[in-house]
Every structure is written in C-alpha cells, then in structure tokens.
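>>> pasting the structure only:
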C-alpha cells in the first residue's frame, strides 16, 4: 500500500510504495505514454487519454485527460534528470493549478523480495521501492493535500498495472 506524507513546511510530498517488479519494468510504466494511458486514472474519477514523452534532460512531456464530468486537464513539464532505470526528475505544471510550478523526483531502488515457504526463506525475485519527492508547493495547503492523496492513488494504480496487468478498464 502506498503512503504519502507532507513535510512540516508544507512544501514537499514524500510518497512511497513497494512494487514486485524490477526497476526497469517500473521505469517503463512511468515513462511510456502508451502504458500510462492504461493505468493512470480511475473510471469514476478521471483518465489520461493522451501523452507524449521526449525522455532526455531538456525534453518535454505532457499528459492530457478527461474527468468523469467531461472536464479536460493537462499536465506538462520538462525532464531535468533522466537516469534509467533508477531516477527520473521533471517539472510538473498542472492545468488546474494557477502559477504553481513544482518538481517531481522518482527514485527507483531495487530490493529483493523474500517469501517464507515450509522449507525456510527462499528468494522470490527482485522488486522496486518507489520513492516520490514532489516539491515546490511553498505552503499551498490545498494543492499539497490534494496532490498527496493523488500520489497514493496513482502509486496504487501503477502497482496493480505492473504486478497484475490491471488497467483502468479491469480493476
């Protein structure tokens, strides 16, 4: 289950989840627009319908979508750091926030997954600790709270997609 906390200065969200897949697979899910369209959203909330990614420092990206009420949205930015499969940093400019420019950092850390079986511990494979640092809210309480809740949902959706192939349509 994803967690998200807000720093005391109301500037940064720290979100975290474990995904039972290697960092390479998680990196693909967050950087390939054809994959994000499959998992980023929820039928009764909103869904991403379009996106592009020029995955390099200085490259531009965007995601666009529609809410359940028919309203449209867009999020865009520029890649600041790209180091597959462990680091992605980009600016985040959302159409629903006025003049709020923030930065999202994804750290993907490989972790071993261990399971207990009757014969004792047995290595089950490699997983990824996904850590998001979303900063630049400068005490904007409404936006940081909304984004914090949003990251918990988004990480949960990504986990279901990467681990089980669940999409907006079948989860």
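Cool, the structure landed. Quick caveat, the model's predicted, so the values are computed rather than measured. Numbering: from 1, shown residues only.
>>> tell me which element residue 158 is part of?
Per DSSP states H and E, residue 158 falls inside helix 141-164.
>>> what packs against that helix?
Contact here means 3 or more CB pairs under 8 Å, 6 or more residues apart in numbering; DSSP states H and E; on that basis helix 141-164 packs against strand 3-6, strand 12-19, helix 23-31, helix 33-39, strand 41-42, strand 120-135. Bear in mind the C-beta positions are built from the backbone N, C-alpha and C, glycine included.
>>> Could I get the buried residue list for it?
Of the residues in helix 141-164, 143-144, 147-148, 150-152, 154-162 count as buried by neighbour count, 16 or more other CB atoms under 10 Å.
>>> Point out where the protein drops to low pLDDT.
Scanning the chain for pLDDT under 70 picks out 113-125.
>>> Identify the residues contacting residue 92.
Contact analysis of residue 92 by CB atoms under 8 Å, 6 or more residues apart in numbering lists 75, 77, 101-104, 134.
>>> repeat that with 10 Å
Residues near residue 92 by CB atoms under 10 Å, 6 or more residues apart in numbering: 61, 75-78, 100-104, 134-136, 147.
>>> can you tell me the helix or strand for it?
Here residue 92 is assigned to strand 87-94, by DSSP H and E.
>>> burial count for residue 33?
Neighbourhood size, residue 33 [other CB atoms under 10 Å]: 17.
>>> my bad, residue 45
Quick note: residue 45 (other CB under 10 Å) scores 12 neighbours.
>>> Next: the one 5 residues further on.
In terms of burial, residue 50 registers 13 neighbours under the definition other CB under 10 Å.
>>> which residues sit in contact with the closest residue to it other than its chain neighbours?
Nearest residue to residue 50 in three dimensions, chain neighbours excluded: residue 64, at 4.4 Å (CB to CB, 6 or more residues apart in numbering). By CB under 10 Å, 6+ apart, residue 64 lies in contact with 37, 48-52, 72-76, 95.
>>> For stretch 82-91, what is the distance to the chain centroid?
12 Å (CA atoms, centre = their mean, to the nearest Å).
>>> Same question for stretch 44-58.
For stretch 44-58, the distance to the chain centre is 11 Å (CA atoms, centre = their mean).
>>> same deal with stretch 130-143?
13 Å.
>>> Quick one: end-to-end length of it, please.
22 Å (CA to CA, to the nearest Å).
>>> What are the buried residues along it?
Buried residues in stretch 130-143, counted by 16+ other CB under 10 Å: 130, 132-137, 140, 143.
>>> Same question for stretch 163-171.
Going by neighbour count (16+ other CB under 10 Å), the buried part of stretch 163-171 is residue 168.
>>> which residues are in contact with that stretch?
Residues outside stretch 163-171 that contact it (CB under 10 Å, 6+ apart) are 19-21, 25, 35, 37-43, 45-48, 127, 156-157, 159-161.
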